[in-house]
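[1] Compute the structure for the input listed below.
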Amino acid sequence: MCPFALLMYAVGLVQLAHGLGHAVSHAAPTAVGGFSRLGLSQVGGPQHALGAAPSRARGAVCVATSPEEAVAGAVSKSVADSGAMSAAAAATAAANAKKKKQKGAGHGQPIVIGLSHKTATVEVREKLSIKEADWNSASSKLCEYDAVQEAAVLSTCNRFEVYVVASDPFLATRDVMAFLKEHSGLTDIELRPNLFVLQNEDATWHLLRVASGLDSLVVGEGQILSQVKACYSHAIENADEEQGIIAGSAGKVLGRLLNSAVMAGKFVRSETEIAKGAVSISSAAVELAILKAPVDLGRPLSELRVTIVGAGKMSRLLMTHLASHGVTKLTLLNRSQKSADELAAEYPDLDVEVLLMDSFWEVLERSDLAFTSTSATDCIVTEAELAERRWAADDSDKLMLIDISVPRNVESECNNLEPVIAYNVDDLKEVVAANQARRAHKVLEAEVLLRVELAKFVQWQESLKYVPTISKLQTKFESIRAAELAKAQKKALKNLSDKERQAVDVATKGIINKLLHGPMSYLRKDDADGSKATVQQIHELFLLPADDAEGK
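    Purely as a prediction, here's the structure:
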């Protein structure tokens, strides 16, 4: 018998599938559930604050619309107990279990919970601060909670933010709150007034602004992009038990979100002048010294005996800006001689005396101005230690301390001593206020570009709900093909050779693939105009299992 006799059986299937595919492409959905759209008329709209985020999804409940709003009405009061930080091997096992949980739960929505220089003082921020080396440990611990599918931590001197992906934002918020309370030792009353909670498009918009430097204390500063990039790198990192590296906890949604933020941050800086002439935390600290030195010390910055404690990135920037403002000599203190020597060698025009921390108090006693920027988790300068030395006398030579570290290196109580004037990162707001006013129009230009990037991510996120439907549609067509072919092989095609059966199998699979090409392309395309059929409509049209339908 001719192997192509099966085509007689396929005619009905061809006509039916063709008609259904045509119906899908012309379906007029009664509801476009999910996300609000960003039309071209909205792209250029003036948005001056984080609160002016894109329109929210219909039916979605946003826990807060801006970081300045309290979250008391959104955060559950229940507290989930959790254990200590997992070791590398345990965290890897937890990550694998989490992947299984994500697969079963479907793709959730992004949520950010955190605080920044806008909502919390440095005293609160330092209690939540997590070292970069521990970001993955923290995110792994967050993923141990049932409501959290994916997680990543971003902790800098001016912000602490937890990014999670979850299907239930309220349960996830409760779980993250439990983690934050355990980690910081703060109570609900101490935490809630300082936190902001954003979800879905608002969370995406916030991260895009953060990566672009628009939400920074110093607008347009470049260090935050490096920090978001580090967050992304850690979040997608693979585990290495031998080296004690814990796997990142970002999945499909959070990994895409963080990558989009990094790319958007680069794009905005290349296409606008938001980073041109921008100051950094270090340069703002130098500006503060210039502003306060004549008042507090009675002499200009160029005449002061300057000390820098720490030899990291912030200290490098401090030296750059000090040199540009007339400082020709300074002392550099650090725990490591090698890194301090390498930093000093980068500034041949500066007379840099490099000493180890053993000489800390000796150097401080002969200094007029000291900048502290170390990774120490506790204060290295306290009121009690200062009082044991020359600063106990009210008529002692004055000492100005500018601490740009979080956690703080200098205790705030040091100001209780008459000869000591101590400043921290929160005191830089006076300096950066003028910078923000000058750069307001550049922020608006950058936000126009960011709204395009936001729309791209929202469209991609919207397409995720069609992925299970695509798989189910392919499975159904294949099962029908296989069933009909099995019937034919028992009757009309039973006398075919193995080679002929293989040819029929290949031919029928080709037919199915061509019939599905139209519907598959439709399901994968962007829904720019909001006319795409919902997942429920697709399920009803192709008689897919109704209990698995999503995106109603």
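
[2] Please identify the buried residues of stretch 260-272?
    Across stretch 260-272, burial judged by 16 or more other Cβ atoms under 10 Å covers 260-262, 264-265, 267-269, 272. For glycine as for every other residue, the C-beta is placed from the backbone atoms N, C-alpha and C.

[3] Ok, stretch 467-475 next?
    467-470, 472-473.

[4] Helices of the stretch 201-350 of the chain, start to end?
    201-211, 223-235, 252-271, 281-296, 313-324, 337-345 (DSSP state H, counting those that start in this stretch).

[5] what bits of the chain have low per-residue confidence?
    1-106, 277-279, 546-552 (pLDDT under 70).

[6] so who does residue 168 touch?
    Listed by Cβ atoms under 8 Å, 6 or more residues apart in numbering, the contact partners of residue 168 are 108, 147.

[7] Angles on the backbone of it, please.
    Phi and psi for residue 168, reported as degrees, to the nearest 10, are phi -110, psi 100.

[8] what about it, distance to residue 420?
    Distance of residue 168 to residue 420, given as Cβ to Cβ, to the nearest Å: 50 Å.

[9] And the strands in this structure?
    Ranges of strands within the chain are 109-116, 150-155, 159-166, 196-199, 306-309, 329-334, 351-356, 369-372, 399-403, 420-423, based on DSSP state E.

[10] who are the neighbours in contact with residue 214?
    220, 274, 443, 446-447, 450.

[11] In CSV, list those residues along with neighbour count and distance to residue 228.
    Converted to CSV, the contacts of residue 214 look like this (neighbours: other Cβ atoms under 10 Å; distance: Cβ to Cβ, whole Å):
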residue, neighbour count, distance to residue 228
220, 26, 14
274, 24, 15
443, 21, 18
446, 28, 15
447, 25, 17
450, 24, 14
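
[12] Pick the one among those closest to residue 300.
    Residue 300 lies nearest to residue 220 out of the contacts of residue 214, by Cβ to Cβ, at 27.7 Å.

[13] So that closest one is in contact with residue 440, correct?
    No - contact criterion Cβ atoms under 8 Å: residue 220 and residue 440 do not qualify, at 11.4 Å.

[14] Quick check: neighbours shared by the two?
    Among the neighbours of residue 220, none is also in contact with residue 440 (Cβ under 8 Å, 6+ apart).

[15] quick revisit: would you mind putting the strands of the chain into JSON lines with mean neighbour count and distance to residue 144 alongside?
    Below are the strands of the chain laid out as JSON lines (neighbours: other Cβ atoms under 10 Å; distance: least, Cβ to Cβ, whole Å):
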{"stretch": "strand 109-116", "mean neighbour count": "24", "distance to residue 144": "16"}
{"stretch": "strand 150-155", "mean neighbour count": "26", "distance to residue 144": "10"}
{"stretch": "strand 159-166", "mean neighbour count": "27", "distance to residue 144": "12"}
{"stretch": "strand 196-199", "mean neighbour count": "27", "distance to residue 144": "20"}
{"stretch": "strand 306-309", "mean neighbour count": "25", "distance to residue 144": "38"}
{"stretch": "strand 329-334", "mean neighbour count": "21", "distance to residue 144": "38"}
{"stretch": "strand 351-356", "mean neighbour count": "15", "distance to residue 144": "41"}
{"stretch": "strand 369-372", "mean neighbour count": "26", "distance to residue 144": "36"}
{"stretch": "strand 399-403", "mean neighbour count": "25", "distance to residue 144": "35"}
{"stretch": "strand 420-423", "mean neighbour count": "22", "distance to residue 144": "40"}
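
[16] Distance to residue 387 added to the ones you listed, as a markdown table?
    Output for these, formatted as a markdown table (distance: least, Cβ to Cβ, whole Å):
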| stretch | distance to residue 387 |
| --- | --- |
| strand 109-116 | 32 |
| strand 150-155 | 32 |
| strand 159-166 | 32 |
| strand 196-199 | 39 |
| strand 306-309 | 19 |
| strand 329-334 | 21 |
| strand 351-356 | 24 |
| strand 369-372 | 17 |
| strand 399-403 | 13 |
| strand 420-423 | 10 |
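
[17] for those, which one sits closest to residue 384?
    Once the strands of the chain are compared by Cβ to Cβ, strand 420-423 is nearest, at 12.4 Å.

[18] neighbouring strands for the closest one, and are they parallel or not?
    strand 399-403 (parallel) (DSSP bridges).

[19] can you list contacts of the strand it pairs with?
    285, 288-289, 292-293, 296-297, 364, 367-373, 381, 391, 409-410, 414, 419-425.

[20] From the buried residues of stretch 467-475, pick the one nearest residue 501.
    residue 473 (25.9 Å).

[21] What separation do you get for the closest one and residue 545?
    11 Å.

[22] hmm, back to that, quick one, which of the strands of the chain gets closest to residue 241.
    Closest among the strands of the chain, using Cβ to Cβ: strand 150-155, at 20.3 Å.

[23] Number of residues surrounding residue 374?
    Residue 374: 20 surrounding residues under other Cβ atoms under 10 Å.

[24] From residue 317, how far out is the closest residue to it other than its chain neighbours?
    The spatial neighbour of residue 374 that comes closest, neighbours along the chain excluded (Cβ to Cβ, 6 or more residues apart in numbering), is residue 310 at 4.0 Å. Distance, residue 310 to residue 317, using Cβ to Cβ: 11 Å.

[25] between those two, who's got more neighbours?
    A direct count of neighbours by other Cβ under 10 Å for residue 310 and residue 317 places residue 310 higher, at 27 against 20.

[26] hang on, the earlier thing: can you add distance to residue 185 and give the helices of the stretch 201-350 of the chain back as TSV?
    Formatted as TSV, these follow (distance: least, Cβ to Cβ, whole Å):
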stretch	distance to residue 185
helix 201-211	26
helix 223-235	24
helix 252-271	27
helix 281-296	26
helix 313-324	27
helix 337-345	32
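
[27] Deepest-packed of the ones you listed, please.
    helix 201-211 (a mean of 26; mean count of other Cβ atoms under 10 Å).

[28] ok and it relative to strand 109-116, angle-wise?
    Angle, helix 201-211 to strand 109-116, by axes from the mean of the first three to the mean of the last three Cα atoms, to 10 degrees: 50 degrees.

[29] Can you check what angle separates helix 201-211 from strand 159-166?
    Using the same axes, to 10 degrees, helix 201-211 lies at 140 degrees relative to strand 159-166.

[30] could you dump helix 201-211 to PDB, C-alpha only?
    Taking Å, rounded to 0.1, in the frame of the first residue of the first chain, the C-alpha atoms of helix 201-211 are listed here in PDB:
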ATOM      1  CA  GLU A 201       6.000  47.200  37.200                       C
ATOM      2  CA  ASP A 202       6.800  49.500  40.100                       C
ATOM      3  CA  ALA A 203       9.600  47.200  41.300                       C
ATOM      4  CA  THR A 204      11.000  47.000  37.700                       C
ATOM      5  CA  TRP A 205      10.800  50.800  37.300                       C
ATOM      6  CA  HIS A 206      12.600  51.300  40.600                       C
ATOM      7  CA  LEU A 207      15.500  49.000  39.700                       C
ATOM      8  CA  LEU A 208      15.900  50.600  36.300                       C
ATOM      9  CA  ARG A 209      16.200  54.000  38.100                       C
ATOM     10  CA  VAL A 210      18.600  52.600  40.700                       C
ATOM     11  CA  ALA A 211      20.900  51.100  38.000                       C
END
